[in-house]
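Asks: sequence first, then the predicted structure, then my questions.
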Amino acid sequence: MQHESSSDAFAGDLTPSWLSGTPVRVEPPESGEESPRHERVDVDALTKGLTEPQKAAVVTTEGPVLVLAAAGSGKTRVITRRIAYLVNVLGIPPWQVLALTFTNKAAGEMRERVTHLLGGEGSRQMRGLTVTTFHSLCARLLRRYAIAAGLKEDFSIYDSGDQASLVKKVIEACQFSTANFPPRSVLSAISNAKNQLLGPSEYAARAMDFSSRNIAKIYAGYEKALRGANAVDFDDLLMLTAKMLKEKAEVRDELRERWQYVMVDEYQDTNKAQFVIASLIAGEGARASGSTAAPEGRPTGANICVVGDPDQAIYGWRGADISNILDFEQHYPGCKTIPLGENFRSTAPILAVADTLIRNNKRRKHKDLFTKKAGGDAVEAILCRDERHEARLVTGWLRKVHEGSTEETKYRSTAGNAEDLKSISSGTSVLGHSGTFPWKDMAVFYRTNALSRVLEEAFREANIPYTIARGTAFYDREEVKNAVGYLRVVANAADDVSLERVINTPARGISDATVDKLQLEATRAGVPLLEICRRVDPSWAAADMLNARAVGSVQKFVQTYDMWTGAGTFLGATVSGSLADLVDRVIKESGIEDMYRKQAAQSKSETDEERLDNLAELVSSARQFELEYDPSSDAAMDVPTRGGAAATPPLLALLRAYLESIALVADADAVDPSQGSVTLMTLHAAKGLEFPAVAMVGMEEGLLPHSRAVTSPSDAEMEEERRLCFVGITRAMQRLLMTAAKYRTMRGTPERTIPSRFLAELPQQHLRVSDQSDTFADLGAEWDEGRGEDVEFGAGRPMRPAGASSGSASSGGRAAAGMAGQFPAGCTVRHPQFGIGTVKSVSPGAQARAVIEFREAGTKTLVLEYARLTRVG
DNA sequence: CAACGACGCTCGAAA
DNA sequence: AGCGTCGTTG
């Protein structure tokens, strides 16, 4: 989102409008109100312009339906019209319709398009219609039915950072070492378990080996700590909801009664928990109640309609189970399957490339992709020298596409690096391309976030407006995390992880040692950390538990905290009713604003100024949220009996909803074409989107497919990588560029790469391949050491690994160990770039480093690449 | 008690 | 290249 680009050129409206997202609008059927049948439109209007299969998907409303929607087959169009058809033509009350997506962006778009079809915002035909994400729905349900779920309604939602610090504490508390049990892998094991609906005891029952038995202990401790902090993690949102729906018949029946029609988008990416949630809400038989306005002759069976494409399943690693969609027909016997194969998005060459690629997968439901459109540019594939060359080449390509001209003079005037542009037009003159494209119609995809950095630099250099799709980027900033940390403790006094983060930020004399002591007391007493802080008084100093200074600091902190909450009532005179005011007060009175202001004054660096801006922006985002928030969406969850909602102070409810919206932001939510900039994002975030012009970078073995898939013994991961590549290709409507770099610097060391096998799988007749890796003598001079064997790029057969020598230069501790002997201190060496130098010292260890003084360069330099050193004396 | 530098390890995608 | 941890110093 726009927070990413600090440069003035790209600064637009700084209000994150997506933040308000799509409040879940859930309203009860008010008794006595009639279904809004009277504003019906013609059936023909809703099915106009649709193909026969699309029409079938719109009007087949009863019973289970599986829509196999190939990429670009008009899926969203079908779903939105189907909802409109249900409400407008069949007269189904809108509150009986539930549509689930994966991102807020998708939900917002769907809602907007349905709103358009159903007479605008506020229309009676929209009332209570629920279009939202799985995670939002679950968060709402868990608050509404907190007791049934075994929670308290003011729970916090922990993000991965919070999870990491919590699990680390637990590992230590279990007397394990974080070396033997890296928090990262423990968390991934726990996440996997939760996605399969295995709680700590179920997990323990399955844990046979030493390691997983211990992980089971950590898992149990982690769950206990979460509940103690009155918190849930992302996976809990799904798991606890699924569990509640399974175990609590009253809740299940209530929701089943309410949502008679369930739709799930991107069904291929659902995991077990999501499968259970969707099917339990949809139910399986005829409803007992006759009070709802169902059309006559409705067959029995769940009205569940799932839409997806097995070829686009890319979330296996986070528990998505592709068999949910592959086996849907078995789960729901008698279901109707509607394949949508015709592509309305991409040109024929792009589609042919995608189709040829995906045919290499074995585990799939084959369907023919076809388009009726003719013509279109060939897909371009370019081999670059290194990642910097690649980035410049991509910006050059984008500018050329933007300006819609092959005349060199045209871009020379704006680009500033004519060399780049020359390289593009030379050799591969592009014929018959399709006019000009605004920046917002273009996107760059990459496999890993690490690749975005070089691209950013190139975009700034080329002066092309860009936006990075990282929804959470803003909330990942240190200063914002601190402010949000305070707010979370305000909303949930038991939130120990957040309290620990902020209790001494800014430094207020509560040291780590003090916090440890308090924490120990809290654990002993079984109460939250803040509660222990409350109990601190001078007697603690007398008893030698804390020093007197610490006692004062803690007491002062508790006082400050109580000012914000009105001592827990939120009704105290010092607390205004405005969320933005609260956020503003917390930022000021906590001292974090002053802290950053001082830093900014001292360092005078731009990033410190930015921090202050970000804090100000957080306040304005709260104000924006406040303006757009619809309290009835929360209150109306109190189905069917009203009342009780008033017990929660409005400000607290508002704060909770705000924090929830922050927690559930998705990367893809940050995609905002109205910004008029090129969008940079991961291939995963690109799912579900489309762009007239697309560039995919880093088409190399080890990146796409990712190295983990390359080393994996099973085909499953490799097939998922191929689908990921397929997803990227099929986002492109008219122009597609794929690039690979011959050399790429990863983890600080440059390495020779091998072009992706996927490039070799593409059909040659639709590709325009060019090797430009030798175009720039200046850029690549340091690499010219006779290692450049020719790369056969997309030769229609698998790539031969480019020589066994390629990786040896910088990998392996074995060679590193010998370095000290090879280059003793005092010896003279030659480096291809820095010239003659003297070795000052060599550090042993796996990461061998030599400090070398180069006379010619006149500087001391750390050299990691000993392979490029030659001893001369 | 805070701040800083040296050192060593890791490194995939995400709600 | 980035991050967290450790030890030293102010």
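Replies: Looks like it arrived, so ask away. Numbers count the residues shown, from 1 in each chain, chains lettered A, B, ... in the order given.

Asks: helix or strand for the closest residue to A:Arg345 other than its chain neighbours, which one?
Replies: Excluding the flanking residues, the one nearest A:Arg345 by Cβ to Cβ, 6 or more residues apart in numbering is A:Gly72, at 3.0 Å. No exception for glycine: its C-beta is placed from N, CA and C like everyone else's. Using DSSP states H and E, A:Gly72 is not contained in any helix or strand.

Asks: so what pLDDT did A:Gly72 get?
Replies: Turning to A:Gly72, the model gives it a pLDDT of 93.

Asks: try the one 10 residues further on
Replies: A:Arg82 carries a pLDDT score of 96 in this model.

Asks: doesn't A:Val58 make contact with it?
Replies: Yes - applying Cβ atoms under 8 Å, one finds A:Arg82 in contact with A:Val58, separated by 4.8 Å.

Asks: coming back round to it: quick check, the residue nearest to A:Arg345 in contact with A:Leu340.
Replies: No - in this structure, A:Gly72 is not within contact of A:Leu340 by Cβ under 8 Å, at 9.6 Å.

Asks: tell me who's in contact with A:Val87.
Replies: A:36, A:93-94, A:97, A:118, A:125, A:129 (Cβ atoms under 8 Å, 6 or more residues apart in numbering).

Asks: residues in the stretch 201-350 of chain A within reach of DNA strand B, list them.
Replies: A:234-235, A:317-318 (Cβ under 7 Å from any atom of the strand).

Asks: buried subset of those?
Replies: Neighbour-count burial (16 or more other Cβ atoms under 10 Å) applied to those gives A:234-235.

Asks: near DNA strand C, list only the ones from the residues of the stretch 201-350 of chain A next to DNA strand B.
Replies: Of these, not one also sits near DNA strand C (Cβ under 7 Å from any atom of the strand).

Asks: closest one of the residues of the stretch 201-350 of chain A next to DNA strand B to A:Val586?
Replies: A:Phe234 (24.8 Å; Cβ to Cβ).

Asks: what helices or strands is the helix or strand hosting A:Ser498 leaning on?
Replies: Secondary structure assignment for A:Ser498, by DSSP H and E: helix A:496-502. With contacts taken as 3 or more Cβ pairs under 8 Å, 6 or more residues apart in numbering; DSSP states H and E, helix A:496-502 sits against helix A:160-173, helix A:478-491, helix A:512-525, helix A:529-535.

Asks: list the contacts of it.
Replies: When contacts are defined by Cβ under 8 Å, 6+ apart, helix A:496-502 is touched by residues A:156, A:158, A:162, A:165-166, A:228-229, A:231, A:481-482, A:484-486, A:488-489, A:492, A:515, A:519, A:522, A:528-530, A:590.

Asks: can you pull out the strands in the stretch 351-500 of chain A?
Replies: Per DSSP state E, counting those that start in this stretch, the stretch 351-500 of chain A carries strands over the ranges A:379-386, A:442-446, A:466-468.

Asks: right, and the ones you listed - which one's nearest DNA strand C?
Replies: strand A:379-386 (13.4 Å; Cβ to the nearest atom of the strand).

Asks: give the pairing partners of the closest one; include direction for each.
Replies: As defined by DSSP bridges, the strand partners of strand A:379-386 come to strand A:732-746 (parallel), strand A:767-771 (parallel).

Asks: what's the most buried one of the ones you listed?
Replies: Among the strands paired with strand A:379-386, the stretch with the highest mean neighbour count (mean count of other Cβ atoms under 10 Å) is strand A:732-746, at a mean of 24.

Asks: now that strand: how far from the chain's centre is it?
Replies: The chain centre lies 22 Å from the centre of strand A:732-746; the measure is Cα atoms, centre = their mean, to the nearest Å.

Asks: and the helix holding A:Ser498, what's its mean pLDDT?
Replies: Mean per-residue pLDDT for helix A:496-502: 93.

Asks: can you check stretch A:684-701 too?
Replies: 95.

Asks: let me know whether that stretch sits next to DNA strand B.
Replies: Yes - applying Cβ under 7 Å from any atom of the strand, one finds stretch A:684-701 in contact with DNA strand B at A:684-685.

Asks: and that stretch, how far from the chain's centre?
Replies: Mean C-alpha position of stretch A:684-701 versus that of the full chain (Cα atoms, centre = their mean) differs by 15 Å.

Asks: would you mind listing what in the stretch 451-600 of chain A touches DNA strand C?
Replies: So far as Cβ under 7 Å from any atom of the strand goes, the stretch 451-600 of chain A lies against DNA strand C at A:Arg453.

Asks: same check, this time on chain A
Replies: Contact residues, chain A versus DNA strand C (Cβ under 7 Å from any atom of the strand): A:168, A:453, A:747-748, A:847.

Asks: neighbours around the residue of chain A found nearest DNA strand C, how many?
Replies: In chain A, no residue comes nearer to DNA strand C than A:Gly748, which is 3.5 Å away by Cβ to the nearest atom of the strand. Per other Cβ atoms under 10 Å, the neighbour tally for A:Gly748 reads 9.

Asks: from A:Pro64, how far out is A:Ile338?
Replies: Computed as Cβ to Cβ, to the nearest Å, the A:Ile338 to A:Pro64 distance reads 11 Å.

Asks: of those two, who's got more company?
Replies: A:Pro64 (25 against 21).

Asks: do you know how far that one is from A:Ala70?
Replies: Separation of A:Pro64 from A:Ala70 (Cβ to Cβ) stands at 20 Å.

Asks: contacting residues around the residue nearest to A:Ala164 when sequence neighbours are not counted?
Replies: The shortest distance from A:Ala164 to any non-neighbouring residue, by Cβ to Cβ, 6+ apart, is to A:Pro183 (5.2 Å). Applying Cβ under 8 Å, 6+ apart to A:Pro183 gives the contacts A:164, A:167-168, A:171.
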